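Asker: coordinates only, sequence not included:
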């Protein structure tokens, strides 16, 4: 049993190497924060981050973009997020209840859905209802992903859920993947956020408006993640996003302002 | 006689074992065992498992059919650019699977280089089971090539020389002498390719998409369940581990030469 001490030592080495990192290295005095944000915010938040760093010397913002549900689970499991910006209240609530908790939660933007097709629109999709036409190869985000849940809700509102869902050829991991599949021409149509196809996003697709009577409004909450070191910097960044500078960028990226 | 193992090696080997075992242990510890039967017997899980077995087995057959001749040519034939072809043959092994998916789309997607040709033939690979098979075969082909190559290189040439001296044709010698001799390496390559295909995720998601019963293999189901029901994802992940371990274990003596 000579190998037992070796095994124990090996485990010790591992344990020593894996000291939990605290708040992405945001110790007291450090102006370094990590922001977990829904993938639909990738363009807007990257820009906001740049402006925030420029107007706050010494500040450093790192982003982790991904599907809100995945980010929430990572935070719940102890991922070092200082700020969480979600594409639905559902996953903010999840962090609030099952994770480290949040503080200063506020709605900072809204979004709604559009239909996208490749530039040459091979399946001749001219309206939301056309998604139910036979043979249209439709891609949406998977169930559980906010963009996917909203898309199904809108199809349901329009009374075309059954036929359109039969046209789904792929459930993608997030809205960005849906845009990619449609822009490359592999799929005939997709349902994504308005912000995914704003002029600045540069997405190589054609957008078809969905009427407000059936459309779904996505609500984006942001909050400081209340770990042991929920920092001043985190709430400063949240204020920046909800403030005039942040809102201007979000508007340019096709987001709608928060209500009220 | 076995040589003595330096203490440092024993230590690092133990760390290696822990490195592989601990995540599996975590999986077992965190899986919600009370829901296990419900998750495994759900139509989603069963269809993902069935699809995974179909896709990975077909992919393994394809890789053996293509990989054995390729390994043969790489070890036996002399031609200009051979080292380049050899590098190409193992490229999918080091290519990020997502890149493999993008490349496959660029070649065989609807708008890919050969898309119009495929369409004329009535074939659409993206969003189809055939596409999932193509994606998994692409990433696992090098494993067959490498395994068979090593078999061919370590082969004693005298058997084939004797066969040739006795007037056997090349094809006869290959079929009756060489291939039986390297059968263990062919099988090893096939099993490794099969296991790699079973676990394939990135290229499949990118090239074939994710639709239950059609392209949603077990790894994709694990990923999608992770977005809705993390507990179910853990159970499905364990199913994947159990299936892989069972096959590797059943074929252990043939695949992993134990001395």
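Answerer: On my side now, so go ahead. Computed from a prediction, not measured in an experiment: that's the story for all the values here. Numbers count the residues shown, from 1 in each chain, chains lettered A, B, ... in the order given.

Asker: just the strands in chain B please.
Answerer: Taking DSSP state E, chain B contains no strands at all.

Asker: Show me what from it comes close to chain A.
Answerer: B:7, B:10-15, B:17-19, B:22, B:105, B:109-111, B:126-127, B:205, B:208-211, B:215-216, B:223-224, B:226-228, B:230 (Cβ under 8 Å from any Cβ of the partner chain). The C-beta positions use only the backbone N, C-alpha and C, and glycine is treated the same way.

Asker: Now restrict the residues you listed to buried residues only.
Answerer: Buried members of the residues of chain B next to chain A, scored by 16 or more other Cβ atoms under 10 Å in any protein chain shown, are B:10-11, B:14-15, B:18, B:105, B:109-110, B:126-127, B:205, B:208-211, B:215-216, B:223-224, B:226-227.

Asker: what's the neighbour count on residue B:81?
Answerer: Counted with other Cβ atoms under 10 Å in any protein chain shown, the neighbours of residue B:81 add up to 8.

Asker: Please apply the same query to residue B:86.
Answerer: With other Cβ under 10 Å as criterion, residue B:86 counts 18.

Asker: What of residue B:213?
Answerer: Using other Cβ under 10 Å: residue B:213 sits among 13 other residues.

Asker: per-residue confidence at it?
Answerer: We have a pLDDT of 90 for residue B:213.

Asker: Roughly how far does the spatially closest residue to it that is not a sequence neighbour sit from residue A:88?
Answerer: Closest residue to residue B:213 apart from its sequence neighbours, by Cβ to Cβ, 6 or more residues apart in numbering or on different chains: residue B:47 at 4.7 Å. Computed as Cβ to Cβ, to the nearest Å, the residue B:47 to residue A:88 distance reads 28 Å.

Asker: Quick check on the two: which one has the bigger neighbour count.
Answerer: residue A:88 (21 against 17).

Asker: Over to the more buried one: give its phi and psi.
Answerer: Torsion angles at residue A:88 (phi, psi; degrees, to the nearest 10) stand at phi -160, psi 150.

Asker: For it, which non-adjacent residue is spatially closest?
Answerer: Residue A:88 sits nearest to residue A:146 (Cβ to Cβ, 6+ apart), 4.0 Å away.

Asker: Wait, the one you found touches residue A:218, no?
Answerer: Yes. Using Cβ atoms under 8 Å, residue A:146 makes contact with residue A:218 at a distance of 6.4 Å.

Asker: what touches both of these two?
Answerer: Common neighbours of residue A:146 and residue A:218 (criterion: Cβ atoms under 8 Å, 6 or more residues apart in numbering or on different chains): A:87-88.

Asker: Looking at these two now, which is surrounded by more residues?
Answerer: residue A:146 (28 against 25).

Asker: residues touching that one, list them.
Answerer: By Cβ under 8 Å, 6+ apart, the neighbours of residue A:146 are A:38, A:67-69, A:86-88, A:90-91, A:218.

Asker: between those, which is nearest residue B:88?
Answerer: residue A:67 (35.0 Å; Cβ to Cβ).

Asker: Please name the residues that touch residue B:111.
Answerer: A:184-186.

Asker: switch to 10 Å and redo it
Answerer: Contact partners of residue B:111, counting by Cβ atoms under 10 Å, 6 or more residues apart in numbering or on different chains, are A:118, A:120, A:122, A:184-186, B:105, B:126.

Asker: same deal with residue A:197?
Answerer: Residues in contact with residue A:197 (Cβ under 10 Å, 6+ apart) are A:114-116, A:179, A:182-183, A:190, A:203-208, A:254.

Asker: can you tell me the distance between the two ends of stretch B:147-160?
Answerer: 20 Å (Cα to Cα, to the nearest Å).

Asker: List the buried residues for that stretch?
Answerer: Quick answer for stretch B:147-160 (16+ other Cβ under 10 Å): B:147-152, B:155, B:160.

Asker: Of the contacts of residue A:146, just say which sits nearest to chain B.
Answerer: For the contacts of residue A:146, the residue nearest chain B by Cβ to the nearest Cβ is residue A:69; the value is 4.8 Å.

Asker: how about that closest one, what does it touch?
Answerer: A:38, A:86-88, A:90-91, A:94, A:142, A:144-146, A:148-149, A:174, B:226-228, B:230 are the contacts of residue A:69 under Cβ under 10 Å, 6+ apart.

Asker: please redo it, this time with the cut-off set to 8 Å
Answerer: Counting by Cβ under 8 Å, 6+ apart, residue A:69 makes contact with A:91, A:94, A:144-146, B:227-228.

Asker: what's the answer for residue A:221, then?
Answerer: With contact taken as Cβ under 8 Å, 6+ apart, residue A:221 is in contact with A:85-86, A:89, A:92, A:105-108.

Asker: Run through the bridge partners of the residue of the stretch 151-260 of chain A found nearest chain B.
Answerer: Closest to chain B within the stretch 151-260 of chain A is residue A:170: 2.8 Å, counting by Cβ to the nearest Cβ. On the basis of DSSP bridges, residue A:170 is bridged to residue A:139.

Asker: What is the burial count for the closest residue to residue A:175 other than its chain neighbours?
Answerer: Using Cβ to Cβ, 6+ apart and skipping residues adjacent in sequence, the residue nearest residue A:175 is residue A:147, 4.1 Å away. Neighbours of residue A:147 under the rule other Cβ under 10 Å: 32.

Asker: do the same with the one 3 residues further on
Answerer: A total of 25 residues lie near residue A:150 under the criterion other Cβ under 10 Å.

Asker: quick one: it is in a helix?
Answerer: Yes. Under DSSP: H, G, I helix; E, B strand; the rest coil, residue A:150 falls within a helix.

Asker: if I pick it, what's in contact with it?
Answerer: A:88, A:113, A:216, A:218.

Asker: how about TSV for these, with secondary structure added?
Answerer: What follows is those, written out as TSV (three-state DSSP):
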residue	secondary structure
A:88	coil
A:113	strand
A:216	coil
A:218	strand
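
Asker: so can I have CSV of those residues showing distance to residue B:73 and pLDDT?
Answerer: Below are those laid out as CSV (distance: Cβ to Cβ, whole Å; pLDDT from 0 to 100):
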residue, distance to residue B:73, pLDDT
A:88, 55, 91
A:113, 53, 96
A:216, 57, 94
A:218, 55, 90
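
Asker: doesn't residue A:159 fall inside a helix?
Answerer: No. Read with three-state DSSP, residue A:159 is coil and lies in no helix.

Asker: With adjacent residues omitted, what lies nearest to the residue of the stretch 101-250 of chain B found nearest chain A?
Answerer: Proximity of the stretch 101-250 of chain B to chain A (Cβ to the nearest Cβ) peaks at residue B:209, 2.8 Å away. Spatially, and ignoring its direct neighbours in sequence, residue B:209 is nearest to residue A:170 (2.8 Å; Cβ to Cβ, 6+ apart).
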